Every structure is written in structure tokens, then in C-alpha cells.
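> Need the 3D shape of this:
(one chain, ligands or ions: 1)
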Amino acid sequence: MTPVLETNGLAGGYGELSVFHGVTLTLASNEVLGILGPNGAGKTTLLRTLAGLLPQQGGTVNLEGRSLGRAQAWQRARAGLVMVPEGRQIIPGLTVLENLELTRASGRSGSDAASFNTRVEQAWELFPRLAERRHQPGDALSGGEQQMLAIARALMMQPKALLLDEPTQGLAPIVVQELRGVLQKLVGRFAILLVEQNRAFMAGVVTRSAEMRDGRLVAI
Ligand code: ATP
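Okay, the predicted model is just below:
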């Protein structure tokens, strides 16, 4: 089976600064790879490079066997490589529903009204609290609800591979448990790359783990 996400010798950083290099990984659609590592190890930089938010310094990224070349972030998202950023990046002045509606402009297949509505219904099913609060502005949500909204927004893009950057950050333990339940429901639908510092959370979700150490990804 062709892996969903495959990197070979991927390298990234900022300008002249190299943060990680030689990252070679494969991820099947039923896998969840967890990436641990201390602050500043380069985990976010890796995800941002995969998502096309930073230029690759070297190496290749394939999605379902096709090279993404130098595709930009919007092209990668449209192709199905979708990131849920650290800090959620919800648009505060827009309602929950409007935050989801933003994805309609992505041009991903099935953005017609009927399939959009179906996906919104699926989001409400997975996140009943968001359904209740659909007409409230993003900044009226709790941290946990904002994280759920960030994930719901990514799901609207029908990802083939989902990149999650520290989703438990700043969340109360009870919300972290809820989030684990949500992720467990998503396993098997698409490949997931999960960056986390919360080992206990990660252990309940991932199928494999690795650690970012000295700019390299090491299997653990
Ligand atoms: P954290 O858990 O704190 O997010 P991380 O493993 O995700 O840690 P990164 O945020 O990827 O680490 O940072 C890796 C390195 O890149 C750090 O040394 C950091 O200082 C540096 N860095 C991060 N953002 C920038 C930037 N915009 N410009 C230059 N260097 C940066």
C-alpha cells in the first residue's frame, strides 16, 4: 500500500538557520505518529515545513505517492495535507459556523453547498458543544472548545494527513481526556502526525512514536 505521507531527507529551518535535517518517515492512513521532544527541538518547524508554511531546505515530501515539490501552504492543504496550528488560530470575531465556512474558499473538491452542509453536520456530530455554540463568536469559546473548533475546521478540508501541533497545550485535564476521545474516533480515517509534550495523552492515541533530538527524528 502506498503510504499517505512520505518524507525523504527532509530538512528545514529559518533562512540560513538549520533546525532539522535528514527526516525520513512514512505514514499509512491508519497510523498516528507521535513526535516528542523538548522545547525548541524543532517539532513545530517540522510541521510548518510539511504544511508549506516554511520553505524546505532539502529533501522531498510525497502525499499519496505524489511529490509536493515546492507547493505552497494553500496547495498542500488543498491536496489534503492539513495542519492544526499551535494556538488554534481561530478568527475571534467570526462565529463558530463562520470559522468553518472559511474553508469553503479552499477549493477542495466537494465545496458545493450540499457537501459543505454534510460536513458541517458531521462536525456537529463529533463536537456537540460546537453545535450548541455555532452562532457564538470564536473568542467566546473556552480554550478546549477553540481547540475542537480548530480540529473541526481542519476536518472540513477532508484531510488525507492531519498535522496536529500540541493540541493539549493549556487545556484542563478533563478537556484533555475529551480531546483524546475525539482523536481516537478519528484514527483510521486519515494519517495523523501528532506533536505533543504530554506523554500520557500521546500514549493513548499514537500507533508509533519518535523523538526530535539534535535536529533529527529518532524512532522510540
Ligand atoms: P516548542 O515546543 O517550544 O514549540 P519546538 O520543538 O516546536 O518547541 P520550534 O518551535 O520548531 O521547536 O523551534 C526550533 C528552533 O527554531 C528553536 O531554536 C527556535 O528558537 C527556532 N525558531 C523558531 N521560530 C523561529 C523563527 N521565526 N525564526 C528563527 N528561529 C526560530
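
> Can you show me the helices along this structure?
43-50, 73-79, 96-101, 113-126, 128-132, 143-156, 173-186, 199-203 (DSSP state H).

> my guess is Thr2 meets Arg66, correct?
No - with contact defined as CB atoms under 8 Å, Thr2 and Arg66 do not form a contacting pair (9.5 Å). Yep, even glycine has a C-beta here, placed from its N, CA and C like the rest.

> got the contact list for the most centrally placed residue in the chain?
In the chain, the C-alpha nearest the mean C-alpha coordinate belongs to Leu163, at 2.5 Å (CA atoms, centre = their mean). When contacts are counted by CB atoms under 8 Å, 6 or more residues apart in numbering, Leu163 touches Leu47, Leu50, Ala51, Leu81, Val82, Met83, Val84, Leu193, Val195.

> I'd say Val187 and Asn30 touch.
Yes - contact status for Val187 versus Asn30: in contact at 7.2 Å, counting by CB under 8 Å.

> ok so, going back, so which of the contacts of Leu163 sit within strands?
Mapping the contacts of Leu163 onto strands (DSSP state E) picks out Leu81, Val82, Met83, Val84, Leu193, Val195.

> hey, what's the third one bridged with?
The bridge-partner assignment for Met83, based on DSSP bridges, gives Leu163.

> Can you report phi and psi for the closest residue to Gly80 other than its chain neighbours?
Nearest non-adjacent residue to Gly80, counting by CB to CB, 6 or more residues apart in numbering: Lys160, 3.4 Å away. Note on Lys160: its backbone torsions stand at phi -100, psi -30 [degrees, to the nearest 10].

> which residues does Lys160 contact?
So Lys160 contacts Val4, Leu5, Ser29, Leu63, Glu64, Ala79, Gly80, Leu81, Phe190, Ala191 (CB under 8 Å, 6+ apart).

> Which two among these are spaced furthest apart?
Greatest spatial distance among these (CB to CB): Ser29 and Ala79, at 14.6 Å.

> contacting residues around Leu102?
With CB under 8 Å, 6+ apart, Leu102 has these contacts: Ile91, Leu94, Arg153.

> can I get those in JSON lines with distance to Ala200, pLDDT and neighbour count?
Below are the contacts of Leu102 laid out as JSON lines (distance: CB to CB, whole Å; pLDDT from 0 to 100; neighbours: other CB atoms under 10 Å):
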{"residue": "Ile91", "distance to Ala200": "32", "pLDDT": "91", "neighbour count": "14"}
{"residue": "Leu94", "distance to Ala200": "34", "pLDDT": "95", "neighbour count": "15"}
{"residue": "Arg153", "distance to Ala200": "26", "pLDDT": "95", "neighbour count": "22"}
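
> Around the ligand, pick out the residues from the chain.
Remark: the part of the chain in contact with the ligand comprises Tyr14, Leu17, Val19, Gly37, Asn39, Gly40, Ala41, Gly42, Lys43, Thr44, Thr45, Met212, using CB under 6 Å from any ligand atom.
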